[in-house]
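S.K.: With the sequence up front, the predicted model follows.
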Amino acid sequence: MAAPDKVDKVMEKLVSLAKRRGFVFQSSEIYGGLGPVWDYGPLGVELKKNIKERWWRSMVHEREDIEGLDAAILMDPKVWEASGHVAGFTDPLIDCKQCKHRFRADDPRIKGTPGAPDAQCPVCGNKGTLTVARQFNLMFKTFMGPVEEQAAVIYLRPETAQGIYVNYLNVLQASRQKIPFGVAQIGKAFRNEITPGNFTFRTREFEQMEMQFFVKPGADGEWFEFWKAERMKWVQALGVRPERLRFHQHGPGELAHYAKDAYDIEYEFPFGWNEFEGIHNRTDFDLSRHQAASGKKLEYLEQATNERFIPYVVETSAGADRTTLVVLADAYREEAIEGETRVVLRLLPSLAPLKAAVFPLVNKDGMPELARTIFDDLRKTYNVFYDDGGSIGRRYRRQDEAGTPFGITIDGQSVQDQTVTVRDRDTLLQERIAAAKLVGYLAEKLKG
Ligand SMILES: [Zn+2]
């Protein structure tokens, strides 16, 4: 991990670019910003959508044995009792009675034993003001219905997985799948983290891309290995530099209450190695608990052997926001060209928010008219951008920062012979091609 001042600089630059180009804005910024909550701007929403669509295609459309689902955020609170979240989804929390700051008990900045007179608050510096650790539930509570009474308390889901478990028999029957099979879902989840931070890495509202794969007990080990390998392949195919990716296996102290085995896929962010996806063997924990709590049989009858069993679950759980941050952070480069530094996002072309930008070289001599025609034709197929403002060099730089892989320039020759130049964001090479061939040209370049 790099030195702290360097870390701040790299993240500062990324946050600044994200705002400048419209990838990510702070929530409620005109009111000073709502803590670590973020909004995706025009380019950010496209990038994140491209990542989610790629995930959906590979997990649902390209697999016969996985079905899609979109379960609601609000669920019967009994779900969270059965799943263990009401009792166990907690972090130990310490308060400073003086400055009112809150800390996780494992905060390395705390000196001494919280609760004891010698313990020192890392923020205000007072001694003896820290409380002993108490368990703080990370679920957001809200109220269902007009009366704010205890009976109506419900939770914002802290994970999308439970929506899949309670629907597993519905999906199985409706789709006529047989075990092994999976259910995939993309959706928002909420956790009242004590110490969020690092831009969009740890936020209280986030989006998950989860797949729960139901298997026969005993086959779980093999499927776990399969999905572990598959997910790493998928992440690498996003164009992320492989030397910045690694697996981290959870030790006995790190395993969640439901897990038999768990691996994180970690990326080397400017602030260090951190996980953005997990592969978990959740055994039959969740389905058994839901069967016991609901009184509904959640067993599966295997026709071939006439055996009944509660399936084991191998889960692949990725953060859509974290994966987007990985892609952004990995794409960010500063390069020296023509005596100056350019900032460029070397995004995989198929993930880039804008696939191409169309530039009339100057705003006269028939160039804008032809450029408009080409632009209108291209945007039937691709998200493209029209820019006639400023020098061509400045227009290129803006699109480099947006990660747009191709710049299409309409010049004097274009008006004569209907050809255009296409500038490649990464190589800076320019080719002249017939305007009529642009759609096919881009299709070829945007594969993969
Ligand atoms: Zn304090």
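M.R.: Cool, the structure landed. Bear in mind the structure is a predicted one, so any value in this text is a computation, not a measurement.

S.K.: drop to CA atoms for contacts and neighbour counts, all remaining ones
M.R.: OK.

S.K.: State the phi and psi torsions of the residue of the stretch 251-400 of the chain found nearest the ion.
M.R.: At 25.2 Å from the ion, F271 is the closest residue in the stretch 251-400 of the chain, using CA to the ion. Main-chain dihedrals, F271, degrees, to the nearest 10: phi -100, psi 20.

S.K.: Count the residues that sit near it.
M.R.: Using other CA atoms under 10 Å, F271 has 16 neighbouring residues.

S.K.: In this structure, where is pLDDT below threshold?
M.R.: Applying pLDDT under 70 to the chain flags the ranges 1-8, 148-151.

S.K.: Which residues of it lie near the ion?
M.R.: Taking CA under 5 Å from the ion, the part of the chain that reaches the ion is made up of C96, C99, C121, C124.

S.K.: will you turn the residues you listed into a markdown table that also has neighbour count and secondary structure?
M.R.: Shown next, in a markdown table, are the residues of the chain next to the ion (neighbours: other CA atoms under 10 Å; DSSP: H, G, I helix; E, B strand; the rest coil):
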| residue | neighbour count | secondary structure |
| --- | --- | --- |
| C96 | 24 | strand |
| C99 | 14 | coil |
| C121 | 26 | coil |
| C124 | 13 | coil |
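
S.K.: Tell me the one of those residues nearest I337?
M.R.: Of all those, I337 sits closest to C124, with 47.3 Å by CA to CA.

S.K.: Quick one: residues contacting the closest one.
M.R.: Q98, C99 (CA atoms under 8 Å, 6 or more residues apart in numbering).

S.K.: so how far is G35 from it?
M.R.: As judged by CA to CA, to the nearest Å, C124 and G35 stand 20 Å apart.

S.K.: Beyond the helix or strand where K13 lies, next helix or strand please.
M.R.: K13 is part of helix 4-20 when elements are defined by DSSP states H and E. Going down the chain from helix 4-20, the next helix or strand is strand 24-26, by DSSP H and E.

S.K.: what's the distance between the residue nearest to V153 when sequence neighbours are not counted and the ion?
M.R.: Nearest residue to V153 in three dimensions, chain neighbours excluded: F143, at 4.7 Å (CA to CA, 6 or more residues apart in numbering). Distance of F143 to the ion, computed by CA to the ion, to the nearest Å: 32 Å.

S.K.: With A436 instead?
M.R.: Distance from A436 to the ion, counting by CA to the ion: 67 Å.

S.K.: what's the answer for S16, then?
M.R.: Separation of S16 from the ion (CA to the ion): 31 Å.

S.K.: burial measure for that residue, as a count.
M.R.: Neighbourhood size, S16 [other CA under 10 Å]: 15.

S.K.: same deal with the one 4 residues further on?
M.R.: A count of neighbours around R20, defined by other CA under 10 Å, yields 14.

S.K.: ok, now which ones touch it?
M.R.: R20 neighbours (CA under 8 Å, 6+ apart): none.

S.K.: do that again at 10 Å, thanks
M.R.: For R20, the contact set (CA atoms under 10 Å, 6 or more residues apart in numbering) comprises L14, R398, E401, A402.

S.K.: helix, strand or coil for A256?
M.R.: coil (DSSP: H, G, I helix; E, B strand; the rest coil).

S.K.: Just confirm it contacts F285, I think it does.
M.R.: No. If you go by CA atoms under 10 Å, A256 and F285 don't touch, sitting 11.3 Å apart.

S.K.: Spell out which helix or strand contains R398, please.
M.R.: Per DSSP H and E, R398 falls inside helix 392-402.

S.K.: Please name the residues that touch F285.
M.R.: F285 touches A82, S83, G84, H257, Y258, A259, K260, I310, P311, Y312, V313, counting by CA under 10 Å, 6+ apart.

S.K.: if we take the residues you listed, which one ends up nearest to G68?
M.R.: Nearest member of these to G68, counting by CA to CA, is V313, at 16.1 Å.

S.K.: Wasn't that closest one part of a helix?
M.R.: No. Assigned with three-state DSSP, V313 falls outside any helix and is strand.

S.K.: From K364, how far off is it?
M.R.: Distance of V313 to K364, computed by CA to CA: 63 Å.

S.K.: Show me which of the two is the more surrounded one.
M.R.: Per other CA under 10 Å, whichever of V313 and K364 has more neighbours is V313, with 29 against 11.

S.K.: Tell me if I'm right that the more buried one and D261 touch.
M.R.: No. Using CA under 10 Å as the test, V313 is too far from D261 to be in contact (11.3 Å).

S.K.: Quickly list what's touching both of the two.
M.R.: Shared contacts of V313 and D261, defined by CA under 10 Å, 6+ apart, are found at F224, H280, N281, R282, T283.

S.K.: Dump the C-alpha coordinates for the one helix or strand the third one maps to into CSV.
M.R.: Same thing as N281. Using DSSP H and E, the element containing N281 is strand 272-283. Only the C-alpha atoms of strand 272-283 are listed here, as CSV (Å, rounded to 0.1, in the frame of the first residue of the first chain):
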residue,chain,number,x,y,z
GLY,A,272,-5.1,-0.8,-0.3
TRP,A,273,-6.3,-4.3,-1.0
ASN,A,274,-10.1,-4.6,-0.5
GLU,A,275,-12.8,-7.0,-1.4
PHE,A,276,-15.5,-6.2,-4.0
GLU,A,277,-16.9,-9.7,-4.5
GLY,A,278,-17.3,-12.8,-2.4
ILE,A,279,-17.9,-16.4,-3.1
HIS,A,280,-19.6,-18.1,-0.2
ASN,A,281,-20.6,-21.7,0.7
ARG,A,282,-23.7,-20.8,2.8
THR,A,283,-24.6,-24.5,3.3
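
S.K.: Give me the sheet partners of the helix or strand hosting Q185 and which way each runs.
M.R.: Assigned by DSSP H and E, Q185 falls within strand 181-190. Strand 181-190 has the following sheet partners, assigned by DSSP bridges: strand 66-68 (parallel), strand 205-215 (antiparallel).

S.K.: Return the most buried member of those strands.
M.R.: Compared across the strands paired with strand 181-190, strand 205-215 shows the largest average neighbour count, a mean of 24 (mean count of other CA atoms under 10 Å).

S.K.: Count residues in the vicinity of F276, would you?
M.R.: F276 has 20 neighbouring residues, counting by other CA under 10 Å.

S.K.: if I pick it, what's in contact with it?
M.R.: F276 neighbours (CA under 10 Å, 6+ apart): 201, 264-267, 317-326.

S.K.: Most neighbours among those, which one?
M.R.: Counting neighbours by other CA under 10 Å, Y267 comes out on top of those with 26 neighbours.

S.K.: which parts of the strand holding N281 are buried?
M.R.: By 16 or more other CA atoms under 10 Å, the buried positions in strand 272-283 come out as W273, N274, E275, F276, E277, G278, I279, H280, N281, R282, T283.

S.K.: re earlier: my guess is the residue of the stretch 251-400 of the chain closest to the ion contacts N198, does it?
M.R.: Yes. Counting by CA under 10 Å, F271 sits close enough to N198 to count as a contact (7.7 Å).
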